[in-house]
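Trainee: when you get a sec, could you give me coordinates for this:
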Amino acid sequence: MIRPGPLNLITDVAGLRVGNARDDRIKTGATVLVGDRPFTAAVHVMGGAPGTRETDLLAPDKLVQEADALVLAGGSAFGLDAASGVADALRAQGRGFVVGDQTVPIVPGAILFDLLNGGEKAWTDNPYKPLGAAALANATKTFTLGSEGAGTGALIADLKGGLGSASAIWEGVTVGALVAVNALGRVTVGDGPHFWAAPFEMGDEFGGLGMAQGFDPHAIPPVKGHETRNTTIAIVATDAALTQAQATRMAIAAHDGMARAIWPSHTPMDGDIVFAAATGARSLPDPGRGALMLGHLAALCLARAIARGIHAATSAPGDTKPTWHDRFS
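Mentor: Just a heads-up that it's a prediction; the model follows:
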């Protein structure tokens, strides 16, 4: 039996915390996933326009197999500096990859484009480094979904985007997802309130509306106007002990959840990316079936997290698009 974790957040994976920071004037923010100790990390990119930092070292054949934190941020290329703020703060804590007498925190990250969302963007100093440091300082087990962290200024085709999370437990193993949704496409069906992710909803975690009826699966999918400026960036995590190659497979499988929840997804104009994190706290109950189930659970959690992020978004002055609740409640 599969069930949500007690928090229904990625932090149901023991030893992980999430921190968020936002700037409401700029309409942007940063989100950090950090562990009590370094964790095995991997990544898989399926979008055509990604923006990333330190993702090459997450390949299974590279020297470094673990990361100290993962960062999601707005700001397009400017937002990559959020990871610098996290790295500086971790170094001050004495955390990182030890090389001689130096400590180098390993902090991969990814960004989304939120520069045309109505916020004030005429800054003189890049705001993302302090946002990253603030997000790390805020890291805890519980955190707010919706218009928070990297999801603060996110937009999708017809609604405000947002930050989402979900978790699942199977035979003692926990899997969770964390996502900032800024997609080219839609997460709801047609002109109604029903989510594409509805078949995977647990309880009423994003409204409990069930599946849409009577939609045309062959219709041309509507997309937002700025067709080159999008991205859904995500992290899936587990307490299972995985090699970096196994974690990569979990990240690959998680993209199925993105495709189930966003229509269309993985377009040439999206930078869709999924990181994977494995804390190694427990062994898989069945290595063969367990690996299959981890991929299934990661996709399940990511689809649910995407819908939860949109469902939880809140209105703010200067918004250029309505929230799901503005339109459908």
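
Trainee: tell me the helix or strand right after the longest strand seen in the chain.
Mentor: Using DSSP state E, we find that the single longest strand of the chain is strand 28-45. Under the assignment DSSP states H and E, the closest C-terminal helix or strand after strand 28-45 is strand 52-53.

Trainee: what packs against that next one?
Mentor: Applying 3 or more C-beta pairs under 8 Å, 6 or more residues apart in numbering; DSSP states H and E, we find strand 52-53 packed against strand 109-111. For the C-beta atoms, the positions are set from N, CA and C on the backbone; glycine is no exception.

Trainee: for the strand it packs on, give the mean pLDDT please.
Mentor: Mean pLDDT, computed over strand 109-111, is 98.

Trainee: before we move on, the earlier item: run the chain-centre distance for the longest strand of the chain.
Mentor: Offset of strand 28-45 from its chain centre (C-alpha atoms, centre = their mean, to the nearest Å): 9 Å.

Trainee: for that strand, which positions count as buried?
Mentor: Residues of strand 28-45 classed as buried by neighbour count (16 or more other C-beta atoms under 10 Å): 28-35, 38-45.

Trainee: what does stretch 322-329 give?
Mentor: By 16+ other C-beta under 10 Å, the buried positions in stretch 322-329 come out as 323-325, 328.

Trainee: what is the rounded mean pLDDT of that stretch?
Mentor: 96.

Trainee: the helices in the stretch 1-150 of the chain, which residues?
Mentor: Assigned by DSSP state H, counting those that start in this stretch, the stretch 1-150 of the chain shows helices spanning 82-92, 128-137.

Trainee: now do the stretch 151-300 of the chain
Mentor: 244-261, 287-311.

Trainee: and the first one, what's its mean pLDDT?
Mentor: This points to helix 244-261. Here the average pLDDT along helix 244-261 is 97.

Trainee: by mean pLDDT, point me to the weakest helix or strand of the protein.
Mentor: Within the chain, no helix or strand scores below strand 97-99, which has a mean of 91 by mean pLDDT, DSSP states H and E.

Trainee: contacts for it, please.
Mentor: Outside strand 97-99, the residues that touch it by C-beta atoms under 8 Å, 6 or more residues apart in numbering are 64, 103-106.

Trainee: in JSON lines: the buried residues of stretch 322-329, plus distance to Leu112.
Mentor: Output for those, formatted as JSON lines (distance: C-beta to C-beta, whole Å):
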{"residue": "Thr323", "distance to Leu112": "18"}
{"residue": "Trp324", "distance to Leu112": "18"}
{"residue": "His325", "distance to Leu112": "22"}
{"residue": "Phe328", "distance to Leu112": "24"}
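
Trainee: distance to Glu205 and secondary structure added to those, as a markdown table?
Mentor: Shown next, in a markdown table, are the buried residues of stretch 322-329 (distance: C-beta to C-beta, whole Å; DSSP: H, G, I helix; E, B strand; the rest coil):
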| residue | distance to Glu205 | secondary structure |
| --- | --- | --- |
| Thr323 | 17 | coil |
| Trp324 | 13 | helix |
| His325 | 15 | helix |
| Phe328 | 16 | helix |
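
Trainee: of the helices of the stretch 151-300 of the chain, which stretch is the most buried?
Mentor: Highest mean neighbour count among those (mean count of other C-beta atoms under 10 Å): helix 287-311, with a mean of 25.

Trainee: and it, what does it pack against?
Mentor: Partner elements for helix 287-311 (3+ C-beta pairs under 8 Å, 6+ apart): strand 162-170, strand 173-182, strand 231-240, helix 244-261, helix 324-328.

Trainee: the inter-axis angle of it versus helix 244-261?
Mentor: 40 degrees (axes from the mean of the first three to the mean of the last three C-alpha atoms, to 10 degrees).

Trainee: helix 287-311: how far from the chain's middle?
Mentor: Centre to centre, stretch against its chain (C-alpha atoms, centre = their mean), the figure for helix 287-311 is 12 Å.

Trainee: equivalent analysis for stretch 97-107, please.
Mentor: The chain centroid and the centroid of stretch 97-107 are separated by 26 Å under C-alpha atoms, centre = their mean.

Trainee: start to end distance for it?
Mentor: Length of stretch 97-107, first residue to last, C-alpha to C-alpha, to the nearest Å: 10 Å.

Trainee: looking at the buried residues of stretch 322-329, spot the one nearest Asp239.
Mentor: Trp324 (31.4 Å; C-beta to C-beta).

Trainee: correct me, but that closest one touches Leu159?
Mentor: Yes - the pair Trp324 / Leu159 is scored as a contact, 5.6 Å apart, by C-beta atoms under 8 Å.

Trainee: which neighbours do the two have in common?
Mentor: Counting by C-beta under 8 Å, 6+ apart, the residues touching both Trp324 and Leu159 are 188, 310, 313.

Trainee: could you give the bridge partners of the closest residue to the last one other than its chain neighbours?
Mentor: It refers to Ala313. Excluding the flanking residues, the one nearest Ala313 by C-beta to C-beta, 6 or more residues apart in numbering is Gly162, at 3.9 Å. Here Gly162 sits in beta bridges with Val181, going by DSSP bridges.
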